[in-house]
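J.: Whatever this is, show me its structure:
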Amino acid sequence: ERLGDLTCTRDLPACCTVRGREVVIGGEIWKGDHHLPNAEISGRDDEAQGSIFELLPALSYGPSIGSVAIAIDESTSALGQVLLIGGVAGPSEDNNDGQTSAVYKIDLATGACTP
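T.: I've put the predicted structure just below:
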């Protein structure tokens, strides 16, 4: 079965599979003149009888471009958790588009990112 299209165009996102669902995190996503720190997850559209992607809550960290995502084996989050490793941090007050070695744990249900 073909996966549905992403909700927006992305360049260099991090991807992994969490609990059997494809997750796409970050990447270069332009809205006006700024990046958006978000993620999306694959789901099922029973009405259309196909696969779709749904936006997840905005991430508390980000945006991140070219990172690596690894699923965490856990059962405390409603949608699952991933580790987001390295990449290039997007524009912010304390990081001016620089490479980062940071590792963040992301709760996909809430968008909460913790170092």
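J.: List the contacts of residue 5.
T.: Each residue near residue 5 by CB atoms under 8 Å, 6 or more residues apart in numbering is listed here: residue 53. Glycine gets a C-beta too; all of them are placed from N, C-alpha and C.
J.: in this protein, which residue is closest to the centre?
T.: residue 25 (1.8 Å; CA atoms, centre = their mean).
J.: Just name the shakiest helix or strand of this protein by mean pLDDT.
T.: None of the helices or strands of the chain scores lower by mean pLDDT, DSSP states H and E than strand 34-35, at a mean of 62.
J.: Okay, now the unreliable bits of the protein?
T.: Low-confidence segments of the chain (pLDDT under 70): 1, 30-36, 48, 63, 90-97.
J.: go again using 90 as the cut-off
T.: 1-12, 26-38, 43-52, 58, 60-66, 87-102 (pLDDT under 90).
J.: what about residue 9, neighbour count?
T.: Residue 9: 10 surrounding residues under other CB atoms under 10 Å.
J.: what sits against it?
T.: By CB under 8 Å, 6+ apart, the residues touching residue 9 are residue 29.
J.: Secondary structure element for it, which one?
T.: Applying DSSP states H and E as the criterion places residue 9 outside every helix and strand.
J.: for residue 84, same thing?
T.: Per DSSP H and E: strand 81-85 holds residue 84.
J.: How far does that strand sit from its chain's centre?
T.: On the basis of CA atoms, centre = their mean, to the nearest Å, strand 81-85 sits 9 Å off its chain's mean C-alpha point.
J.: counting contacts, what elements does the following helix or strand past that strand pack onto?
T.: Next along the chain after strand 81-85, taking DSSP H and E as the criterion, comes strand 88-89. Where contact means 3 or more CB pairs under 8 Å, 6 or more residues apart in numbering; DSSP states H and E, strand 88-89 is packed against strand 64-65.
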